[in-house]
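> What follows is a protein structure lacking sequence information:
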DNA sequence: TATTTAGTTCTGTTGTTCCCGAACTAAATA
DNA sequence: TATTTAGTTCGGGAACAACAGAACTAAATA
């Protein structure tokens, strides 16, 4: 793979990552910015560089960056004698990812348990199915916790 | 908790579940239908019952139900001598849930690995961070597989 | 054959999201 | 003090999504 192909592939990856993030509720422009900060060789971009590179307006950039910051997906650094912010991706570690999965499962399991507790017939089809799922999820959560302790 | 309170709480839960599902990209009406099929004591609803219960148009119901079917979130049964479809929730078992988590992690890890492989400097900050995350994710995937084999 | 039933499809309305351009601001610089 | 820099905020338009209503259809029934 020559240099040109490599760059082309990187641009394609930015698109892939962008679409991937869109599915998770991140707006298109923000997803591409995050992708760019992840894949490009240059790993710190100023506001203006982002505006130019992505060909977006300053307002779009401003909103997208604030959004990404709130999600803790990016961060910025400044350098003495330079007013510019240098944005870079902020990687959430594996532990945080696991924490996210765990939380989601916990929330769902809690809801399922409440659904069960509110059933008139606690042996109804749905109640039984939910019990099984809730149980499985709770067990899975303990596995996640073991994993977290190990790493 | 008396009967009235119980029903009230069930209705509230439908809302909670609906909002929860909206976050996952399911449209509002579809989310409430799914919630209803999950929490109510009556566990099979006809098209018309859903229209009436949710106070939505037939077209909304038709679209929402088709959507939920495509996602394999609901299914319907028919009974001999009765043209109506009886819709009910279709629970994905724990294994399927785990499979979903696994797939997501796998996709992300694959993307990360490609990002790394396309870096000019494979020891750059991002490259190193990504390597660590990818490794952690791959390890986590094996844990998931062990869990799947166990249940 | 005419009507009813159980939905589906089409068209239009409303609301929301995404983004842009322009005006604005606060700090640094000339 | 005037200008430049580095953004933010505001107002608006285009595109899209969610839903309703009405017209339609295919199968069953009278």
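Looks like it came in fine. Values in this document were obtained by computation on a predicted structure and should not be read as measured data.
> of all the residues in chain A, which ones are close to DNA strand D?
Neighbours of DNA strand D within chain A, by Cβ under 7 Å from any atom of the strand: A:46-48, A:58-59, A:61-63, A:65-66, A:82-85. All C-beta spots, glycine's among them, are computed from the backbone N, C-alpha and C.
> partners of the longest strand along chain A in the sheet?
In chain A, with assignment by DSSP state E, the single longest strand is strand A:82-89. When pairs are called by DSSP bridges, strand A:82-89 turns out to pair with strand A:45-46 (antiparallel), strand A:74-79 (antiparallel).
> Briefly note if the longest helix along chain A comes near chain B.
Secondary structure of chain A per DSSP state H: the longest helix is helix A:125-150. Yes: Helix A:125-150 lies within reach of chain B by Cβ under 8 Å from any Cβ of the partner chain, at A:125, A:126, A:129, A:130, A:132, A:133, A:136, A:137, A:139, A:140, A:143, A:147.
> Going by contacts, tell me the helices and strands next to that helix.
Here helix A:125-150 touches helix A:94-117, helix B:28-39, helix B:94-117, helix B:125-150, going by 3 or more Cβ pairs under 8 Å, 6 or more residues apart in numbering or on different chains; DSSP states H and E.
> so, in contact with chain A or not, the shortest one?
Yes: in terms of Cβ under 8 Å from any Cβ, part of helix B:28-39 sits within range of chain A, namely B:37, B:38, B:39.
> Need the residues that contact that helix.
The contact list for helix B:28-39, computed with Cβ atoms under 8 Å, 6 or more residues apart in numbering or on different chains, reads A:115, A:118-119, A:126, A:130, B:10, B:13-22, B:26, B:43, B:45, B:50, B:53-54, B:56, B:60-61, B:64-65, B:67-68, B:73-74, B:87-89.
> Please, a PyMOL command that selects the buried ones among the residues you listed?
Here is the PyMOL selection string for the buried members of these, based on 16 or more other Cβ atoms under 10 Å in any protein chain shown:
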select buried, (chain A and resi 115+118+119+126+130) or (chain B and resi 10+13+14+16+17+18+20+21+26+43+45+50+54+56+60+61+64+65+67+68+73+74+87+88+89)
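> Might you enumerate the residues of chain A proximal to DNA strand C?
With Cβ under 7 Å from any atom of the strand as the criterion, chain A meets DNA strand C at residues A:27-30, A:55-60, A:63-64, A:81, A:83.
> will you turn those residues into TSV that also has pLDDT?
Listed next are the residues of chain A next to DNA strand C as TSV, based on pLDDT from 0 to 100:
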residue	pLDDT
A:27	97
A:28	98
A:29	98
A:30	98
A:55	97
A:56	98
A:57	98
A:58	98
A:59	98
A:60	98
A:63	98
A:64	98
A:81	89
A:83	92
